[in-house]
Each structure stands twice: as structure tokens, then as C-alpha cells.
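Asker: Need a 3D model of the sequence below.
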Amino acid sequence: MSSSNQMIRCSFKGVLLILCITTRTWSLEFNYTNFHMENSSDFIFTNSSSIADGALQITPNHGDPAHQSGRVFYKDTFKLHRNNGSTITSINSTFIFNIRPLTQPGGEGFAFILTNNPDLPSNSSGQWLGIVNNKTNNVSRNQIVAVEFDTRKSFAEDLDDNHVGLDVNGIKSVGQLTFSSVDINISAGTDVGISISFDAASSSFVLFAAMLNGASLISSTMMFSWTINLAEFLSEDVWVGFSASTSNFTQLNQIKYWYFNSTDIENIENTVAEKKGERLLWLLVLFVGLPVFAACLYWKKKDEKFLRYNRKVIRQDIEIVLDDCSKRPIKFQLKQLKQATANFDPKRQLGRGGFGTVYRGYLQEYGMEVAVKRVFRNSNRGEREFIAEVTTISQLLHRNLVKLIGWCNDDNELLLVYEFLQKGSLEKYLFENGSREDVPVLNWATRYKIICGVASALDYLHHGGIKRVLHRDIKASNVMLDDEYNARLGDFGLARAMEHDSKSHHSTVAVAGTRGYMAPECYFTGRASPETDVYAFGVFAMEVACGRKPGNYVQSGDELDESTGSSYIVDWLWDLHGIERILDAADERLKGEYDEEQMESVLRLALACCHPNHPKRPSMRMALQVLSGGALPPNPVAEKPAFMWPVMKTQSEVEMPSVGLLFTGGYMSRSSISGR
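Answerer: All right, here's what the predicted structure looks like:
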């Protein structure tokens, strides 16, 4: 077992032992940070389930794993209810599982199960997940409640091949949600952490999940919540464990860590009257980018209504995540930011985006002007972007990145505080100077400095830290300018961190980014990668050099260009390159006053960055070498290549001869060209 896995499991154990202190009495509790053969007597195995490789193997990990089903239960039952239901039991369980496909695709899935009958049903392989079979499906005498982790869409009712569902006496889920909505792929061969909590008093069933890579978090927290009274479907003595199945599609279904407890709540009616709704709440606190994945258990005072996992609790989870940020910025109080912005005076509004409004403010105690982003209320997506921005940008330090000064999570408000940059957004200097006298036309030297600055920032994000950061939304409106027109890349709401040596991409269901800047493969995969950032940088460089909005195939902000017949900036520029008129793309407002060699170099580099097939694009390090004079500019083919998907084999990157100089992290150093 790796040291990182030992760390994460020890973190689970330590936090649980410290925080699971209560006046209640545990009726059943156990904790396995890993599994050894000497633990075999602690479990009931059915069919070919076993302990191997430090994990519970719910289906075989050797021999022929096809068309198998299996179950593993803890040796003892727990009491779900006593005394004709006057005493009821809450349960909490945390486990780490790993599903490794053995075929492409893999299948079928596994389940966390509570049942009064531990026997494995016959013929329960394939779509039945070891829960039921075609004769017992949806039969009440099954007495089973399961949380399924389904890796194959076997029924029309299934959302997809990557979802979680709550099953009662069968495999037709009474509620299900896709993991893809929070960038979790349960069959990627990567550890997934799960925390399940059933609060008997409120009949609330809550699930948290996150993907892990050793001790690092590589996805956002997710939360599913259902209402169910387990006592309606299960009798007094309940077995707890796991079931799984394979078909002709196979996978390994492994449990690598398991903690469980159940709690008797004496005389629930008196408890509610005396405690006025004091309820047990599980929070799985996931420290983004830190080497700890911990589960927190604590008590929360509520009113007489039963506990509901509402927005206030989500905001408290945000608070814990951000408080533990190792390089956290200043935490402001809401009253400070109200005073700074004159109570968010509309006259101080600087801009409005998809998740919030930005106001100009002045912090008297710090003697500085700031820009305050106020996240829209009741915005779940805004909360995700808020966490992404704070936890990502607070770890970064580069002269071409906007500085995050602080944040606020107070009175149901989420706010971000940035340095105020007098010149504002680059977008207005490219597209508003015709309508505003106070906005000058940027000369070529300034534009070239801006392009180089953004390239330097992206090189730092991709290559300059322990984690590789994907920005995912590079465009002129997200580039701010200081007093000397130096570029500062900002808006990290869509940014994601990934391992440098990871061969996987960051996956999303909803394609992230802005149309016109998005690489063609994004529409097929929903994935972000360093290459998709490179593509967006190429479009950005084109709009800065050409003074032209990107446009797109669906709606065109520009009329068709008479010389090329194209409206989308990439096609338009490639057509001009093909007829050897690439300098015709230079912004007419420059009136020909630019360095032709620099202009052509930028435009040719931009085309290379926007190659339709991602393996052909340069890395940002290579792009920066071209801009700094350390490499010759690429020479794209005359006709735009056809987009091919899927990519059948790895192709070489754009080759750029080195002549020795390279910007890294905003400073000059000597280096040879290196790959990604």
C-alpha cells in the first residue's frame, strides 16, 4: 500500500476518532483502514468474494470474472429499531472504493446494502448487481435497501453508465443522480471516497462523494439527499455490506477502506421535544489540493423542523474548505465590504458575469481600491466557481495573474475581493474604443506585451507549480490591465487543478468555457486539457492582433469577410494564410504601424495553437519560446486540416527549433525545448 493511501486512510481514522464524540451509545462500530487475511473472520463472504490486495474484493480479482455476483457483509448485525419503533437508529458509513475495468467498457457495478437477508440471490449477475434477480426484483419480502454505483446503462430508466441511485427491494432506483455532473468517473480506476449518513429522526439519507488520487482531491464534493424511512422496509436486525456483479463486461470492484457506526436514539419523541430538533449531521470536508481527505461529524442546533441539508449548511462546508486553504487570503466581514462598496451601489458596478456582479470598492483600513465580486444568491454553480476560484488562485503567484486579496462567506453572501486594476478589461480596448472617447486604440507594442504576458501566465499555470492548473476560460474579457497596460489573467471560476503526470483530462458534463474560444474536441468529450487552454490562447492572440471578435458557426457577430467568405476568426485567418495574405488580418486601426515580423509570428503561432487536432498544438512553453524569440515561429499548412475524432494515435507536437531563451514564471532563464 502506498504512503499516500496510508496517509488518507489515517486521516479518515484520526478525524473520525476525534470528532465522533457524543453522548449517544454506539450499537455497532468498526473501522478498517485496509484489509488483511487475518480480518477474514470479521466478514461473511458469498460466492467468489474475498480479501486480496489489501481490499475487499466483492467480485473475483482472478480467474474468470465474467458473469459473477458476490456479497460481503460484516459479521454482526445492528438493531435498526427497538421497542416497537419507539427507539430508532441512525447510521453513518464512510468507505473508499476503486473500480478498475477489465473490458472496454467495464460493467456492471456494485452497491452498499442494508438487508435482513444476507444470502446472495441466484442468477444475480449482470444488471442485477448482486441485489436481486429477475424473479425477486421489486418483491417486498426482499427487505433490502441499497445505494447502487452503476457503471453500465442496463435499463432505459438508468441515467447513464456513471450514476448513483437509491434502490428499495429491487434495482429500479427510487432516486438517482449522475456522477458526471460533478466531474466524478467512478470506473476510472481511481479511488472514490463516499460518506453515507442516515438520520433516523428526520428520515434523511445523505451521500457525499469525491474522486481521489492518492492523498489529493481531483474532483469537487458532491451531495445527494433523499427522504426515506428505513424502518418501513427493514425489520429489526440488519446486515450491512456490499454487493457487486459483472456480465460479459467485467471490472474489479474493490473496497479499500470502511468505517461504519450505528447510533440508538432513545425515545425520539422526547428527544425532539427536549432538544428542539438537535440532529446528527455528517459533513465530508474535502480539502481542495491538500494532502488530506477527511470526514467530519458534528452536532448542529436546528429549530423544531427536522434537519434538512440546505443552502446554509452548504455555505458552512465552504467555510471549512476555505479556512483550511494553506495560503488563504484575507477573510473579510460582510459589513466591511458593504462599507467599501457603498452597500453595493449600482453606480459602482464594474461588470456582470455568469455567476456574479463586480463592484468597485475602497478598503479604508488597508488604504486600497479593490474589485469585489458578489456571487449571485441561490446559485449552486456560483458556489462551485467561488470555491474553485479561492482554492486555485490563492495558491498562485505570478506577475501576470490577478491577485486575490480576500473573500467573504457571511449572511448567505459569497464575495471575492481582488486588486483593482485601473485600466479594466482588455475587451473594451479592443471593441469599445470606437464608441468611447476615453478608450484609446492600443498600439502594437502594447498588444504584443499583452499577448506575451498572457502566454507567460499560462506557461506558469501549466508548468510552474506542483499542480498543473487549467484555466478553461481564456478570453479578452478575462484579461485585466494595470496602469502600464500589463496583462493580468483573472477569473479562475472555471479553473481546475490536475496532476502533472496525469494522462487523463478534466471531465465535465456541461462543456465549460466560452463559445468561439473552445477547441473542437470539447464538444465531443466535455474534457479540458492543457491543449484546450492552448486553443483558447490561439483565439485570444488572434483577436488581440486582429481587433476582431472570435465569432462562431451558430451566430456571427461579424459579417462574412468578402475576401475569404468566413466569419469565424480561425477559419478567416487560415484562409488568409492559405492565399499568402496573413498580414491582411492585422487590425486596421493600427494603420500599418506594427512590426511585420512580430505580427506574422503571432498570427502563425495562433494558427498552430488552433490546430483542429489537439496533439498537433504546441505547449504553452513552446508558444512562449516563439514570442520571446527563443524559437522560430511555426509554418502551418496552407489549408486548415480536417478535424478528426477520435484521435487514432499520438502525433508529434509542432516542432520549433530552439535558439536558447525562455520565459518561466515571468522571468528570463536559459532552457532547451521540453515537452509537456
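
Asker: who's in contact with the residue lying closest to Lys423 once chain neighbours are set aside?
Answerer: Distances taken as CB to CB, 6 or more residues apart in numbering place Leu481 nearest to Lys423, at 3.6 Å, with adjacent residues excluded. From N, CA and C alone the C-beta is placed, and that goes for glycine too. Taking CB atoms under 8 Å, 6 or more residues apart in numbering, we find Leu481 in contact with Leu421, Lys423, Gly424, Ser425, Leu426, Tyr429, Ile450, Ala487, Arg488.

Asker: closest to Ala52 among those residues?
Answerer: Nearest to Ala52, judged by CB to CB, of the contacts of Leu481 is Arg488 at 52.9 Å.

Asker: Just give me the neighbour total for that closest one.
Answerer: Arg488 has 24 neighbouring residues, counting by other CB atoms under 10 Å.

Asker: what does Ala455 give?
Answerer: 28.

Asker: helices or strands next to the one helix or strand it maps to in the packing?
Answerer: According to DSSP states H and E, Ala455 maps onto helix 444-463. Where contact means 3 or more CB pairs under 8 Å, 6 or more residues apart in numbering; DSSP states H and E, helix 444-463 is packed against strand 467-470, strand 479-481, strand 487-489, helix 530-546, helix 596-609, helix 620-627, strand 661-664.

Asker: Just send these back as TSV, with mean pLDDT and distance to Leu80 too.
Answerer: Below are the helices and strands packed on helix 444-463 laid out as TSV (pLDDT from 0 to 100; distance: least, CB to CB, whole Å):
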stretch	mean pLDDT	distance to Leu80
strand 467-470	78	44
strand 479-481	93	58
strand 487-489	92	55
helix 530-546	95	49
helix 596-609	96	60
helix 620-627	94	56
strand 661-664	25	60
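
Asker: and Pro636, which of these is closest to it?
Answerer: Closest approach to Pro636 among the helices and strands packed on helix 444-463 is made by helix 596-609 (4.4 Å; CB to CB).

Asker: So which elements touch that closest one?
Answerer: helix 444-463, helix 530-546, helix 569-578, helix 620-627.

Asker: Let me know the angle separating the second one from helix 596-609.
Answerer: Counting by axes from the mean of the first three to the mean of the last three CA atoms, to 10 degrees, helix 530-546 lies at 150 degrees to helix 596-609.

Asker: Which other helices and strands does helix 530-546 contact?
Answerer: Partner elements for helix 530-546 (3+ CB pairs under 8 Å, 6+ apart): helix 426-431, helix 444-463, strand 467-470, helix 569-578, helix 596-609, helix 620-627.

Asker: Rounded mean pLDDT for stretch 360-372, please.
Answerer: Taken as a whole, stretch 360-372 has a mean pLDDT of 90.

Asker: Tell me the buried residues in it?
Answerer: By neighbour count on 16 or more other CB atoms under 10 Å, the buried set for stretch 360-372 is Arg360, Gly361, Leu363, Val370, Ala371, Val372.

Asker: quick one: which of these is nearest to Ser619?
Answerer: Ala371 (31.4 Å).

Asker: Specify the beta-bridge partners of that closest one.
Answerer: Under the criterion DSSP bridges, Ala371 forms beta bridges with Arg360, Tyr418.

Asker: Check whether it really touches Glu419, as I assumed.
Answerer: Yes. The pair Ala371 / Glu419 is scored as a contact, 7.3 Å apart, by CB atoms under 8 Å.

Asker: So which bits of the helix holding Ala455 are buried?
Answerer: For helix 444-463, by 16+ other CB under 10 Å, it's 444, 446-463.

Asker: what's the neighbour count on the closest residue to Asn117 other than its chain neighbours?
Answerer: Counting by CB to CB, 6+ apart, the nearest residue to Asn117 once its immediate chain neighbours are dropped is Gln143, at 6.1 Å. By the criterion of other CB under 10 Å, Gln143 has 16 neighbours.

Asker: Nearest to Phe233, out of the helices and strands packed on helix 596-609?
Answerer: Here helix 530-546 is closest among the helices and strands packed on helix 596-609 (CB to CB), at 46.3 Å.

Asker: Grab the CA positions of that closest one and hand them over as CSV.
Answerer: Provided in CSV are the C-alpha atoms of helix 530-546 (Å, rounded to 0.1, in the frame of the first residue of the first chain):
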residue,chain,number,x,y,z
PRO,A,530,-3.6,21.9,-21.4
GLU,A,531,-4.3,21.6,-25.2
THR,A,532,-7.8,23.2,-24.8
ASP,A,533,-6.2,26.1,-23.0
VAL,A,534,-3.7,26.4,-25.8
TYR,A,535,-6.5,26.5,-28.4
ALA,A,536,-8.2,29.3,-26.4
PHE,A,537,-4.9,31.2,-26.2
GLY,A,538,-4.6,31.0,-30.0
VAL,A,539,-8.1,32.5,-30.5
PHE,A,540,-7.2,35.2,-27.9
ALA,A,541,-3.9,36.1,-29.7
MET,A,542,-5.9,36.4,-33.0
GLU,A,543,-8.5,38.8,-31.5
VAL,A,544,-5.8,41.0,-30.0
ALA,A,545,-3.8,41.2,-33.2
CYS,A,546,-6.8,41.5,-35.5
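
Asker: mind listing the strands for the stretch 101-250 of the chain?
Answerer: Using DSSP state E, counting those that start in this stretch, the strands found in the stretch 101-250 of the chain span residues 109-115, 144-150, 163-168, 173-178, 192-199, 204-213, 216-217, 222-227, 237-245.

Asker: between the ones you listed, which gets nearest to Glu157?
Answerer: Here strand 173-178 is closest among the strands of the stretch 101-250 of the chain (CB to CB), at 7.4 Å.

Asker: Tell me which strands that closest one pairs with, and in which orientation.
Answerer: strand 163-168 (antiparallel).

Asker: which residues sit against the strand it pairs with?
Answerer: 111, 131, 144-150, 173-179, 205, 207, 209, 224, 226, 228, 233.

Asker: For PyMOL, write the select line for the buried members of those residues.
Answerer: The following PyMOL line selects those of these that are buried, judged by 16+ other CB under 10 Å:
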select buried, resi 111+131+144+145+146+147+148+149+150+173+176+177+178+179+205+207+209+224+226+228+233
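
Asker: sorry, back to before: I'd like the contacts of Leu481 as JSON lines, with distance to Gln333 appended.
Answerer: Converted to JSON lines, the contacts of Leu481 look like this (distance: CB to CB, whole Å):
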{"residue": "Leu421", "distance to Gln333": "24"}
{"residue": "Lys423", "distance to Gln333": "30"}
{"residue": "Gly424", "distance to Gln333": "27"}
{"residue": "Ser425", "distance to Gln333": "28"}
{"residue": "Leu426", "distance to Gln333": "32"}
{"residue": "Tyr429", "distance to Gln333": "35"}
{"residue": "Ile450", "distance to Gln333": "36"}
{"residue": "Ala487", "distance to Gln333": "32"}
{"residue": "Arg488", "distance to Gln333": "27"}
